[in-house]
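> no sequence on this one, just coordinates:
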């Protein structure tokens with residue numbers, strides 16, 4: 001059974017997206033004529049208001065790889081529910097051998113996250129969150145797992161409708 005991602009967002013011309021390069025990798029291919037260098041760039045884009053996406057670009061030049069990564073990231077945008085600068089509830093996600101855990105935090109805590117997770121959470125516009133990356137530190141899988149965790153988050157209004165409860169009963173149990 002496969003899940004349908006309902007959180008997909010289309011990039012429009014009026015949406016102001018900020019790019020962050022998470023990782024650049026130099027790849028060497030040895031041929032009969034010598035070594036050929038190329039680059040891959042992992043890029044995260046977001047509008048800091050609940051929309052974030054990740055992309056991978058590969059090219060012979062670093063700048064060209066980053067540009068391709070940005071274009072790829074704009075095709076993979078997702079909407080993230082944000083409540084008062086934090087996320088609505090705890091969430092775990094796994095991608096490959098990378099596992100991530102994100103928890104809501106009180107106002108003023110800041111983004112407590114490392115490396116590539118921090119880039120994704122800041123690009124999404126989350127200002128207060130506790131996050132932990134477990135397992136593999138591969139930036140590709142950590143970024144994918146973080147975005148997966150953010151897409152699995154649910155709005156309290158949607159939960160109350162699904163359970164046929166009033167909104168205040170969702171928070172009180």
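Ah, there it is. Please read these numbers as outputs of a predicted model, since none were measured by experiment.
> For the most centrally placed residue in the chain, report the pLDDT, please.
Taking CA atoms, centre = their mean, the centroid of the chain lies closest to residue 147, which sits 3.3 Å from it. Looking at residue 147, its pLDDT stands at 95.
> ok, now the one 10 residues further on?
Among the per-residue scores, residue 157 holds a pLDDT of 80.
> Count residues in the vicinity of it, would you?
When counting by other CB atoms under 10 Å, one arrives at 12 neighbours for residue 157. Quick note: C-beta positions are derived from backbone N, CA and C, even for glycine.
> and what of residue 63?
The local packing of residue 63 (other CB under 10 Å) involves 11 other residues.
> can you tell me the helix or strand for it?
helix 62-75 (DSSP states H and E).
> Give me the phi and psi for the residue lying closest to residue 111 once chain neighbours are set aside.
Leaving aside its sequence neighbours, residue 111 sits nearest to residue 121 (CB to CB, 6 or more residues apart in numbering; 5.3 Å). When read as degrees, to the nearest 10, the backbone of residue 121 gives phi -70, psi -40.
> mind listing what residue 121 touches?
102, 111, 113, 129, 131, 146 (CB atoms under 8 Å, 6 or more residues apart in numbering).
> now do 10 Å
Neighbour list for residue 121: 44, 46, 52, 80, 87, 102, 111-113, 127-129, 131, 146, 149-150 [criterion: CB atoms under 10 Å, 6 or more residues apart in numbering].
> same check, this time on residue 61
37-39, 67.
> quick check, nearest of these to residue 168?
residue 67 (48.1 Å; CB to CB).
> can the contacts of residue 61 go into TSV with extra columns for pLDDT?
Formatted as TSV, those follow (pLDDT from 0 to 100):
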residue	pLDDT
37	94
38	96
39	97
67	96
